[in-house]
Structure formats: C-alpha cells, structure tokens
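Asks: Based on what follows, work out the 3D shape:
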Amino acid sequence: MATVQESINVNVPLSQAYNQWTQFEDFPHFMSGVDSVRQLDDTTVHFKTSIAGVKREYDARITVQQPDQRITWESLDEPRNAGTVWFEALNPTETRVSVELAWEPDSAVEKVGAAVGLDSHQVASDLKRFKKFIEEREVETGAWRERVSDSEVSGGTAAGSGVPLAATTAVPLEEEVGYDAEPTERPVNTDPDMATEPPFGKHVQR
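Replies: Just a heads-up that it's a prediction; the model follows:
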C-alpha cells in the first residue's frame, strides 16, 4: 500500500474547519479532479472524478466520525483507498487539519509516482485550496455532527448545547465570487496512468 501524510494550519476555529469538511458536495470547489460528490446515505457517498483525462466513479463509506476530531473512510470499489482526516485546535482561531491516506496503486506508473512523492504533493495542494476556501468565508457552508462508529450512526450534539445538530444554515455558494473559476494549481499527475483517487468523502447538508 502507498501512503501519504500531510497537514496544514487554517485560520478558522476548530468547529468551522470540521463542519466544512462534512459538506462533501462542496469538495469540487477545492479538491482537484473531483467532478461531483453525491450522498447515498448517512455513511456512503458516490464520487465522480476526472484526473489527467481518466474518468472514474466509486463509492466511499465512513467507518468512524467523531465531531471536531476525525473522519475515517474506506472506498468500496477499486482502486481501493482508505484514510483519516484529523482536526486539532491550536488556539481558538486556528486549526490543524491532517490527512493520512493509504491506497493500492492501480498500475506500475502509479507505484513509481507514489515512490517519488507525486501523490503527496497533490494532497498538499488540495489542503492549500481548502485553506483558501474556508478562510475566505465568514462561516462554513453547513454541518453534519452525528457520530459514526463501525459505519453506524450513533447521533451527535452541538458542542456545549446538548441539542442535536444535523445541519446548520448554509450560505449558498452561488452567492460567492470566484469559486467557479478554474483552480490556479493543476493536479500533479499529468499521465493518465498516474490517476489516483482523491482521498476524501462524506456528508452533504440535509
């Protein structure tokens, strides 16, 4: 298995960074190669990707979700991938977002790319785009704060309130300026055989 570990510090509170990451239909706004994400149920999402000219579709399932701490997933289709996104409060207005990703390279070329760190560079670039996306917004686009254990939803509450929080009021992305433009950073993998699946997936606002 090839592995990637990357982190970035974002200048927003812990809950804002975590809440935004649960809005998976927004991933195409900052994740290279993701064409669309569709919610199938509380713990399963469907990805459509286009990386270096190679189009793929696959499902991913959330196995563990702990609000303001982590999201762990695994793909249900080939090529297989799995990982965790961790969230750590550095201070009241700054959060560290860390990605741990493992996947099975789908070709000899992908194995070479993993060996020289090309996929690590792609994940780092996506984290930079996430940082820009969340820091330029006053609030997250929504939130889903249920707990997931062994792929089963066990419920969640708003921090400090004891009130279940399934979603927050979103600020429509259509009102934002500039996110429809093509990303200034391009995916690192330019060879069609180097296409690897984006490492993230889950909830949209309901």
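Asks: Return the helix or strand in this protein with minimum mean pLDDT.
Replies: For the chain, the helix or strand with the lowest mean confidence is helix 108-115, at a mean of 47 (criterion: mean pLDDT, DSSP states H and E).
Asks: in the helix or strand just after it, what's buried?
Replies: Following helix 108-115 in sequence order, the next helix or strand is helix 118-135 (DSSP states H and E). Across helix 118-135, burial judged by 16 or more other C-beta atoms under 10 Å covers 118-127, 129-134. Any C-beta I mention is one placed from the backbone N, CA and C, and that applies to glycine too.
Asks: Could you point out the longest strand of the chain?
Replies: Ordering each strand of the chain by length in residues (DSSP state E) puts strand 54-66 first.
Asks: What strands line up against it, and which way round?
Replies: As defined by DSSP bridges, the strand partners of strand 54-66 come to strand 44-51 (antiparallel), strand 70-75 (antiparallel), strand 147-149 (antiparallel).
Asks: Check the secondary structure at residue 26 for me.
Replies: helix (DSSP: H, G, I helix; E, B strand; the rest coil).
Asks: again, but for residue 19
Replies: Taking three-state DSSP, the label given to residue 19 is helix.
Asks: looking at it, it is touching residue 134, isn't it?
Replies: No - if you go by C-beta atoms under 8 Å, residue 19 and residue 134 don't touch, sitting 9.5 Å apart.
Asks: so what sits against both of the two?
Replies: Shared contacts of residue 19 and residue 134 (C-beta atoms under 8 Å, 6 or more residues apart in numbering): residue 140.
Asks: ok so, going back, for the longest strand of the chain, which outside residues touch it?
Replies: Residues outside strand 54-66 that contact it (C-beta under 8 Å, 6+ apart): 35, 40, 43-50, 70-78, 81, 84, 146-151, 192, 195, 197, 201-203.
Asks: now swap in stretch 3-14 and tell me
Replies: 17, 68, 87-90, 92-102, 119-120, 123-124, 127-128, 130-131, 134-135, 199.
Asks: List the buried residues in it.
Replies: Buried, per 16+ other C-beta under 10 Å, within stretch 3-14: 4, 6, 8, 10, 12-14.
Asks: Using PDB, write out every CA atom in it.
Replies: What follows is stretch 3-14, C-alpha atoms only, in PDB (Å, rounded to 0.1, in the frame of the first residue of the first chain):
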ATOM      1  CA  THR A   3       0.800   6.100   2.000                       C
ATOM      2  CA  VAL A   4       0.600   9.900   2.300                       C
ATOM      3  CA  GLN A   5       0.600  12.100   5.400                       C
ATOM      4  CA  GLU A   6       0.100  15.900   5.000                       C
ATOM      5  CA  SER A   7      -1.000  18.700   7.300                       C
ATOM      6  CA  ILE A   8      -2.000  22.300   7.100                       C
ATOM      7  CA  ASN A   9      -2.900  25.100   9.600                       C
ATOM      8  CA  VAL A  10      -6.100  27.000   8.800                       C
ATOM      9  CA  ASN A  11      -7.000  30.300  10.400                       C
ATOM     10  CA  VAL A  12     -10.600  29.400  11.500                       C
ATOM     11  CA  PRO A  13     -11.900  27.800  14.700                       C
ATOM     12  CA  LEU A  14     -11.900  24.000  15.100                       C
END
